[in-house]
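S.K.: What follows is a predicted structure for the sequence shown.
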There are 2 protein chains.
Amino acid sequence: MQWDGWGDPQHKAALSAGQLAMVNDLLRVSADDVDAVAFEEVRVRPSALADADRDALAEIVGEAHLSTADGDRLPRAGGKSTPDLLRRKSRDEQDAPDAVVLPGTDDEIAAVLALCAERGIAVVPFGGGTSVVGGVDPIRDRFAACLSLDLRRFDALESLDETNQEAVLGAGLTGPAAEALLAARGFELGHYPQSFRYATIGGFAATRSSGQDSAGYGRFDDMVRGLRVVTPRGVLELGRPGPKNAAGPDLRHLFLGSEGVFGVITAVRLRVHAVPETKRYEAWTFPDFATGADALRAVAQVGTGPTVLRLSDEVETALNLATVDEAGAQSAAAPAGCFAVTAFEGPAHLGAERHEATAAVLRAHGGTSLGPEPAQHWAERRFDGPYLRDPLLANGALVETLETATSWTNLLALKQAVTETLQAKFTEFGSVSLVLCHISHVYDTGASLYFTVIGAQRGDAIAQWTQTKAAVNDVLLAQGGTITHHHAVGADHRAWMTDEIGPLGVDILRAVKATLDPSGILNPGKLIP
Amino acid sequence: MQWDGWGDPQHKAALSAGQLAMVNDLLRVSADDVDAVAFEEVRVRPSALADADRDALAEIVGEAHLSTADGDRLPRAGGKSTPDLLRRKSRDEQDAPDAVVLPGTDDEIAAVLALCAERGIAVVPFGGGTSVVGGVDPIRDRFAACLSLDLRRFDALESLDETNQEAVLGAGLTGPAAEALLAARGFELGHYPQSFRYATIGGFAATRSSGQDSAGYGRFDDMVRGLRVVTPRGVLELGRPGPKNAAGPDLRHLFLGSEGVFGVITAVRLRVHAVPETKRYEAWTFPDFATGADALRAVAQVGTGPTVLRLSDEVETALNLATVDEAGAQSAAAPAGCFAVTAFEGPAHLGAERHEATAAVLRAHGGTSLGPEPAQHWAERRFDGPYLRDPLLANGALVETLETATSWTNLLALKQAVTETLQAKFTEFGSVSLVLCHISHVYDTGASLYFTVIGAQRGDAIAQWTQTKAAVNDVLLAQGGTITHHHAVGADHRAWMTDEIGPLGVDILRAVKATLDPSGILNPGKLIP
């Protein structure tokens, strides 16, 4: 990935004339307001790793799999939140891990952890580096140095059982790499978060990721049958061979969402399914968000079986950000109301039945079909959204996303409260703002809300966003939302965890941490307040 | 429930002539071999509760909600396993809790726990008392006395949100009481384990119960959205208002399956659904168990949506124990091969689609329809199975059930290994035996196996079964099974937990226990080895 932006450097997006005009005229900022820092000008804090520690680590993983070079440390200096990208382009000396280690086996990880526990070196497990919540920040805490432990060498399809429809995948496999290995055998996982192209199997598990096909295939949690975790106290093999049991609490759920603070996930046993015979799409429009949300609720509660079910609000629909390529261009074809996408997969006859049953519910709840094309178009571009942020930031806009979930009855009130809070904070900072929202994960009892906000950078844009986000977080907790539906906690949401799970919940996490990582070296400053 | 058997005393089953002949002729035992102990002859260990402690407890819950009478203590002296029932009919002095307390509020429970922690009194949370794994045994451990904390006064439908399809149910509600409260509002939970008539909402959560409709409505785990748990360190409200989140590990899963060792579950927030428009049934027969299991696997993996999906093996089919009323009578109508039940629920058109799609898969995999009647018949009698055990025990038979789960590929091998182990142990004890098996919970990656064994009591029948069960447990762990798919751990499976979850997994449970229950008063001798 690019050092200072999203994704493939060859794939850089540019703003259309309409988008640029919106930034210049509505937000009243331009590229002239932004200090463009070149890669050569970036200064990284020198590695603090002692030579003796460096040599001992090299002894474990091999010289070829250890680096203290700035060019290797900078790409692991953080994730891909807007503050991360702004920080990357700072002229100040930047923090970064003191070294990058790339172990190749569980035993090597165990040895690295033992060494680090003994010598007081922090360890940050690193997958795709797509965290937007500070999940891979190189926080040294009380330790002398901090390693980035990169899992990319855990890249094998360890096994695939076609009868049981289970695969064991290395934690370092990216979404596309995992799907390619499975596709060669006629199977797929079906986990497509927007970070799909770069994020990893281990990261999906460690952060309780949820993909765009969650209506059909569930959250990543739902796909996990087992986990192998290397902790400073030893290796845990979680999840018996069987599918489910009642042998006490299901300890897999302590490591799903553990964000590297209890151990390093090195392999995940996952439910997979045969590549579906059918993929059907249908786009819909609803007169307003409330009507559309009610229709999605009916589909979720009746259980008609769509694979994808999502709804953009009026602003997102009008800005046509549901499909990114025309974003900002109010094309003639852009529908009024609220745009929705449905998709259906499975054996041909079941795909057709699911499609028809879902369409009947949506029609009965005020939906009008737009046919398959707009939905297919969405599917083709669905991983491109993050690319647009880079030119917006470069032109002086402040753009970021945040997300939550709540019950169906609280959905509209929470959406309004978050929107008002975002706009009020941007107003305080002297900027107009656009707040876009969609539902992309539906459950029988509630749904997610995913917000994008676009305004102008004003002065210290990192502080501007940090204060804005804090105000939203307070609103989420006070008004029946969760601090995060699928972005996880990291460093950024950590201060809200006591409100989220209660002080006794925090005590439980601390007790598990003390049991597995008594030296506290694993991913300091994340998750547990 | 009856003090020495299953269920309603008015509903006592008797053996048919055919069943009695089987017991007398095949097992060569009769009622003459059994020492029938009358209720009046039972001796209960005197209450060891000190008067001062008794008075302090009465101060908290009120005199009316505290008892040290034998008649109240004996029904809480254990669960409903075969060893439990044999123990109840012993002429030796029986162990029992020293008192029964029936608190009415969370605050009262908190006060009881505080008092017991201070004075060193063990507390066994008690719901329906249907445990078959020693989950409510009054084990005093290092404590001077042991209370049975009966949750029956937590019997309210605290709330029902029809839009969100969520209900908050008191932990002490039995299955029928909960369903009656929901049905009055047009909703249902759909959790029907064989213990349904007596077991409670709190017990379902504490033991990770799974009901006969699990193919359609999931395990009890899957239904839980939130839990209220009173621990010695305070009250935990688990599960945010929203449906799902990524805010660290999902701590609900530490309390699902916690079996009363971390805290007392007093209320459960549950997903509910509208009472279905349609209930459709179809019975099937397969030429053999392997063919039937493959057909069930196909249904689970294609995802055609049955509510009930179960398959009896050849022995269970031949003995016609799939429907209990004719058990043992080889009626002319009893089908050869393997009997299977399917049921379908939902809106009329979806119920029909699910039915047709499932039937097509079963036919394609070697199934022959037997029409709706045998499946309806099964559904009508599905909670009656446990009644038959009482007259079998009274006639000198030793009958018990056990269960596990494993992957689809390991299913037949594990079934054979368990069957051989059971028969070998009964042979050692000088008895022939019949081993029946069915699949009643199917997943995409595997299934449960539920065994019933019938042999003769020989000498100390409790020791006979304990040794037999231990041999089976070793086989389960060695050959890819779990120690329990839905019966839980209790006292009986505790010794196998280190093999099940590993020593580090046990350390995690101990750390959570030490955090929430530092005095260790909650349900000693259960779950955690």
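M.R.: Arrived safely, thanks for sending.
S.K.: Residue A:42 contacts residue A:73, doesn't it?
M.R.: No - the pair residue A:42 / residue A:73 is not scored as a contact, 11.0 Å apart, by CB atoms under 8 Å. Just so you know, the C-beta spots here come from the backbone N, C-alpha and C atoms, and that holds for glycine as well.
S.K.: ok, those two, which is more surrounded?
M.R.: More crowded of residue A:42 and residue A:73, by other CB atoms under 10 Å in any protein chain shown: residue A:73, with 23 against 20.
S.K.: I figured the more buried one hits residue A:101, correct?
M.R.: No - using CB under 8 Å, residue A:73 makes no contact with residue A:101, being 11.4 Å away.
S.K.: which neighbours do these two share?
M.R.: residue A:148 (CB atoms under 8 Å, 6 or more residues apart in numbering or on different chains).
S.K.: Show residues contacting the biggest helix by length in chain A.
M.R.: Longest helix in chain A by number of residues (criterion: DSSP state H): helix A:497-516. Helix A:497-516 has contacts (CB under 8 Å, 6+ apart) with A:231-233, A:254, A:261-263, A:477, A:482-483, A:489, A:520, A:527-529, B:231, B:233-234, B:236-238, B:240, B:245, B:247-249, B:251, B:254, B:504, B:507-508, B:510-512, B:514-516.
S.K.: host element of residue A:228?
M.R.: strand A:224-231 (DSSP states H and E).
S.K.: do residue A:436 as well
M.R.: Short version, using DSSP H and E: residue A:436 is in strand A:433-439.
S.K.: and the next helix-or-strand element following that strand, is it in reach of chain B?
M.R.: Next in sequence after strand A:433-439, counting helices and strands by DSSP H and E, comes strand A:446-456. Yes - contact of strand A:446-456 with chain B (CB under 8 Å from any CB of the partner chain) involves A:446, A:447.
S.K.: Could you give me the buried positions within strand A:446-456?
M.R.: For strand A:446-456, a neighbour-count test (16 or more other CB atoms under 10 Å in any protein chain shown) marks A:446, A:447, A:448, A:449, A:450, A:451, A:452, A:453, A:454, A:455, A:456 as buried.
S.K.: any idea how far residue A:452 is from residue A:419?
M.R.: As for residue A:452, its distance to residue A:419 is 11 Å (criterion: CB to CB, to the nearest Å).
S.K.: tell me, what's touching those two both at once?
M.R.: Here residue A:452 and residue A:419 share the contacting residues A:435, A:437, scored by CB under 8 Å, 6+ apart.
S.K.: Show residues contacting the strand holding residue A:228.
M.R.: A:106, A:109-110, A:113, A:166, A:168, A:205, A:235-240, A:243, A:252, A:255-256, A:262-271, A:516-517, B:445, B:504.
S.K.: Same check on stretch A:22-29?
M.R.: Taking CB under 8 Å, 6+ apart as the rule, stretch A:22-29 contacts A:15, A:30, A:328, A:392, A:395-397, A:431-432, A:434, A:454-457.
S.K.: again, only using 6 Å
M.R.: Applying CB atoms under 6 Å, 6 or more residues apart in numbering or on different chains, the contact partners of stretch A:22-29 are A:30, A:328, A:395, A:396, A:397, A:456.
S.K.: Which one (most neighbours) among these?
M.R.: Using other CB under 10 Å as the neighbour criterion, residue A:397 leads these with 28 neighbours.
S.K.: What pLDDT does the model give it?
M.R.: Residue A:397 is assigned a predicted lDDT (pLDDT) of 97.
S.K.: Any part of stretch A:126-137 near chain B?
M.R.: No - Stretch A:126-137 does not reach chain B (CB under 6 Å from any CB of the partner chain); its nearest approach is 9.3 Å.
S.K.: Figure out the length between the terminal residues of that stretch.
M.R.: 10 Å (CA to CA, to the nearest Å).
S.K.: Residue A:473 belongs to a strand?
M.R.: No - counting by DSSP: H, G, I helix; E, B strand; the rest coil, residue A:473 falls outside a strand, being helix.
S.K.: Around the nearest residue in space to residue A:199 that is not next to it in sequence, how many other residues sit close by?
M.R.: On the basis of CB to CB, 6 or more residues apart in numbering or on different chains, the spatially nearest residue to residue A:199 that is not a chain neighbour turns out to be residue A:128, at 4.0 Å. Residue A:128: 25 surrounding residues under other CB under 10 Å.
S.K.: how near is residue A:128 to residue A:491?
M.R.: 17 Å.
S.K.: Which SSE is immediately downstream of the helix or strand where residue A:339 lies?
M.R.: Assigned by DSSP H and E, residue A:339 belongs to strand A:338-346. Going down the chain from strand A:338-346, the next helix or strand is helix A:348-364, by DSSP H and E.
S.K.: Now stretch A:220-237: average pLDDT?
M.R.: On average, stretch A:220-237 scores 98.
S.K.: Now do the end-to-end distance for it.
M.R.: 18 Å.
S.K.: Go through that stretch and flag the buried ones.
M.R.: Those would be A:220-221, A:223-233, A:235-236, for stretch A:220-237 by 16+ other CB under 10 Å.
S.K.: Kindly report the same for stretch A:282-302.
M.R.: A:282-286, A:289, A:292-297, A:299-302.
S.K.: again with stretch A:109-117
M.R.: Neighbour counts over stretch A:109-117 (16+ other CB under 10 Å) mark A:109, A:110, A:111, A:112, A:113, A:115, A:116, A:117 as buried.
S.K.: That one and chain B in contact?
M.R.: No - contact of stretch A:109-117 with chain B (CB under 6 Å from any CB) is absent, the minimum separation being 12.6 Å.
S.K.: Only alpha carbons, please: show that stretch as PDB.
M.R.: C-alpha atoms of stretch A:109-117 as PDB (Å, rounded to 0.1, in the frame of the first residue of the first chain):
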ATOM      1  CA  ILE A 109       6.700 -16.200  17.400                       C
ATOM      2  CA  ALA A 110       6.900 -18.000  20.800                       C
ATOM      3  CA  ALA A 111      10.600 -17.300  20.900                       C
ATOM      4  CA  VAL A 112      10.200 -13.700  20.000                       C
ATOM      5  CA  LEU A 113       7.500 -13.200  22.700                       C
ATOM      6  CA  ALA A 114       9.700 -14.900  25.300                       C
ATOM      7  CA  LEU A 115      12.700 -12.700  24.400                       C
ATOM      8  CA  CYS A 116      10.500  -9.500  24.400                       C
ATOM      9  CA  ALA A 117       8.900 -10.500  27.800                       C
END
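S.K.: Isn't residue A:446 up against residue A:407?
M.R.: Yes - Residue A:446 is in contact with residue A:407 according to CB atoms under 6 Å; the separation is 4.2 Å.
S.K.: any idea how far the closest residue to residue A:168 other than its chain neighbours lies from chain B?
M.R.: Of all residues not flanking residue A:168 in the chain, residue A:158 sits nearest, at 4.0 Å (CB to CB, 6+ apart). To chain B, residue A:158 is 16 Å away according to CB to the nearest CB, to the nearest Å.
S.K.: just checking, residue A:158 touches residue A:167?
M.R.: No - here residue A:158 does not reach residue A:167: they are 8.0 Å apart, not a contact under CB under 6 Å.
S.K.: For the two, indicate the residue with more neighbours.
M.R.: Using other CB under 10 Å as the criterion, residue A:158 and residue A:167 rank with residue A:167 on top: 26 against 14.
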